[in-house]
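Asker: need the 3D shape of this:
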Amino acid sequence: MQYLPAVELEWPKGLTVNASVIWLHGLGADGNDFAPIVPQLNLPAGVGVRFIFPHAPSIPVTINNGYVMPAWYDIKSLEGGRHVDTEQIEQSASWVHDLIEREIERGVPAERIVVAGFSQGGAITYQAALSYPKRLAGMMLLSTYFPTAQTVQVDPAQAELPALICHGSLDPVVVEDMGLEGKARLEALGFEPEYKVYPMEHAVCPQEIADIGTWLSVVLA
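Answerer: Next up is the predicted model:
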C-alpha cells in the first residue's frame, strides 16, 4: 500500500515506541512544520511516542487563484465561513486512516494513537478521528474548524473520545468564532472537548505547547 510521505520522529530517542501521534500541517506547509515542537512537549518518562507528520499532496487552491500548493482539500470560497471540497476532506481522512492502520501493524494499539491537526489539518482531524472504527486515544484540534460537522459519520467506537481544541483570540485566518463553533458542534454530538484560547494569531505559542504536552501526557499515560 502507498502511504502519505511523512516526517517521522521517535521521542525520546532510544525508548521503545508505545504510542503514536499523527499530526497534520496547515495549508501551504508540510510535515516539517511541527516536528521542532516535539522536544518542547515534556512528555512523561516511560512514554515512547512515534510522531508522524505527513505531507499533503500539492493541488490547486481556488481561493489562492488556483495556485498549486500543499493542501488537504480545496477551499473554493471564504463566503459563509468556508466553502470546501468535502470529497477531498474524506479522501484525506482515509489516508490518515491508512496511517493509523500502519501504526497498529507496527505494534501500537489504536487506543494509544492520537490524531492532531493545525488549521486545514485540524479539519481533517475532525473527520478522520471521529469516523475511524477503532477507539483512539484522542484528537487535537489547533486553530481550526469543523467543515464536515453535518456530514461526518461518527463511529460508536469514538464515544467520549478526548478532544483538545486550541485557538488564538486574535486569529485573522480562522477566526475564534469558527473554533468555538467546532466546540459547540462536538458538544452537540455528545463530546466534552477541552477548549483553550491564547492571545495569538494563526500560530502556536509557548503556553499552548506546554498545554499540548500536558494533555498528551494524560491521554497517553
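Asker: leaving out chain neighbours, which residue sits closest to residue 125?
Answerer: Spatially, and ignoring its direct neighbours in sequence, residue 125 is nearest to residue 117 (3.6 Å; C-beta to C-beta, 6 or more residues apart in numbering). For every residue, glycine as well, the C-beta is placed using N, CA and C.
Asker: bridging residues for that neighbour?
Answerer: residue 24, residue 141 (DSSP bridges).
Asker: who does the helix or strand of the chain with the lowest mean pLDDT pair with, and is each partner parallel or antiparallel?
Answerer: None of the helices or strands of the chain scores lower by mean pLDDT, DSSP states H and E than strand 83-84, at a mean of 92. With DSSP bridges as the test, strand 83-84 is paired with strand 75-77 (antiparallel).
Asker: re earlier: so who does the residue nearest to residue 125 touch?
Answerer: Applying C-beta atoms under 8 Å, 6 or more residues apart in numbering to residue 117 gives the contacts 23, 24, 25, 123, 124, 125, 140, 141, 142, 144.
Asker: please pick the buried ones from those residues.
Answerer: Among these, those classed as buried by neighbour count (16 or more other C-beta atoms under 10 Å) are 23, 24, 25, 123, 124, 125, 140, 141, 142, 144.
Asker: for the residues you listed, which one is nearest residue 155?
Answerer: Distance to residue 155, by C-beta to C-beta, is smallest for residue 125 among the buried ones among the contacts of residue 117, at 14.5 Å.
Asker: which of the three states applies to that closest one?
Answerer: Of the three states, residue 125 takes helix according to DSSP: H, G, I helix; E, B strand; the rest coil.
Asker: which residues touch it?
Answerer: 24, 96, 115, 116, 117, 139, 140, 141, 144.
Asker: and the gap between the third one and residue 103?
Answerer: The span separating residue 115 from residue 103 equals 11 Å under the rule C-beta to C-beta, to the nearest Å.
Asker: list residues touching both of the two?
Answerer: Common neighbours of residue 115 and residue 103 (C-beta under 8 Å, 6+ apart) are residue 22.
Asker: between these two, who's got more neighbours?
Answerer: residue 115 (32 against 20; other C-beta atoms under 10 Å).
Asker: hang on, the earlier thing: and the buried ones among the contacts of residue 117 as TSV, adding distance to residue 186 and pLDDT?
Answerer: As requested, those are exported to TSV (distance: C-beta to C-beta, whole Å; pLDDT from 0 to 100):
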residue	distance to residue 186	pLDDT
23	19	99
24	18	99
25	22	98
123	13	98
124	15	98
125	12	98
140	13	98
141	9	99
142	14	99
144	12	98
